[in-house]
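> Just need the structure, nothing else, for what follows:
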Amino acid sequence: MAEKHRCGWCIGDTLYETYHDQEWGVPVYDDATIFEFLILETFQAGLSWITILRKRENFKTAFDNFDYKKIATYNQNKVDALLQDSGIVRNKLKVNATITNAQLFMKIQEEFGSFSKYIWGFVDGKPINNRLRSHKEATPTTAISDALSKDLKKRGFKFVGSTVMYAHMQATGMVNDHEIGCFRYDEV
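Alright, predicted model coming up:
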């Protein structure tokens with residue numbers, strides 16, 4: 001049987017390939033999963049995605065299964081414990097941003113009915129299908145990620161620059177940046 005063609009960025013690492021094959025680019029409408037990716041993207045800022053993927057289970061444990069309602073109530077003792085946890089990226093600004101972002105995430109839920117409705121509104125509720133021949137054609141930002149980033153920042157979110165938000169859009173299927181020759185392009 002012929003080997004499936006995958007996007008070039010994930011080839012050569014089993015964890016990357018599994019993530020690519022099962023999650024990346026699949027449209028996510030569930031607030032809990034959207035928040036999980038928001039945390040992971042926050043911590044990824046300035047680092048490689050594979051670094052975060054390798055620590056994903058540790059993040060899940062450290063951040064109470066990515067439960068934004070619990071995270072929104074974290075106190076200084078919990079922050080101190082997180083900063084001692086070698087299984088995650090120990091960055092005080094990012095830990096504090098995660099707590100703030102959880103609180104603001106719930107405010108958006110109150111305003112829009114769900115965070116999903118809010119964020120998917122930036123793409124009119126349906127994925128944008130780009131037609132990339134190579135992953136190297138993907139841009140780090142778009143006008144939509146710029147607008148999303150600007151709106152989140154205006155609301156007080158941290159670590160939500162346009163590049164981070166575009167990566168979030170790719171991960172959660174708001175944009176399909178699989179290469180057109182990739183077996184996942186038509187599947188998502």
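> could you give the mean pLDDT of the helix ranked longest in the chain?
Secondary structure of the chain read by DSSP state H shows that its longest helix is helix 92-112. In this model, helix 92-112 has an average pLDDT of 98.
> What residues of it count as buried?
Within helix 92-112, the residues that count as buried by 16 or more other C-beta atoms under 10 Å are 94-99, 101-106, 108-109. Using the backbone N, CA and C atoms, a C-beta is placed for each residue, glycine as well.
> starting at the chain centroid, how far to the helix or strand just after it?
Sequence-wise, the next helix or strand downstream of helix 92-112 (DSSP states H and E) is helix 115-120. Put simply, helix 115-120 sits 14 Å off its chain's centre (C-alpha atoms, centre = their mean, to the nearest Å).
> just checking, what packs against helix 115-120?
helix 31-44, helix 92-112 (3 or more C-beta pairs under 8 Å, 6 or more residues apart in numbering; DSSP states H and E).
> what residue ranges in this structure score low on pLDDT?
1-2 (pLDDT under 70).
> Next up, the contacts around V79.
Applying C-beta atoms under 8 Å, 6 or more residues apart in numbering to V79 gives the contacts 92, 95-96, 99.
> at 6 Å instead, please
V95 (C-beta atoms under 6 Å, 6 or more residues apart in numbering).
> The residue lying closest to V123 once chain neighbours are set aside: how many residues sit nearby?
In this structure, V123 finds its nearest non-sequential neighbour in M174, 5.1 Å apart by C-beta to C-beta, 6 or more residues apart in numbering. The tally of other residues near M174 (other C-beta atoms under 10 Å) stands at 25.
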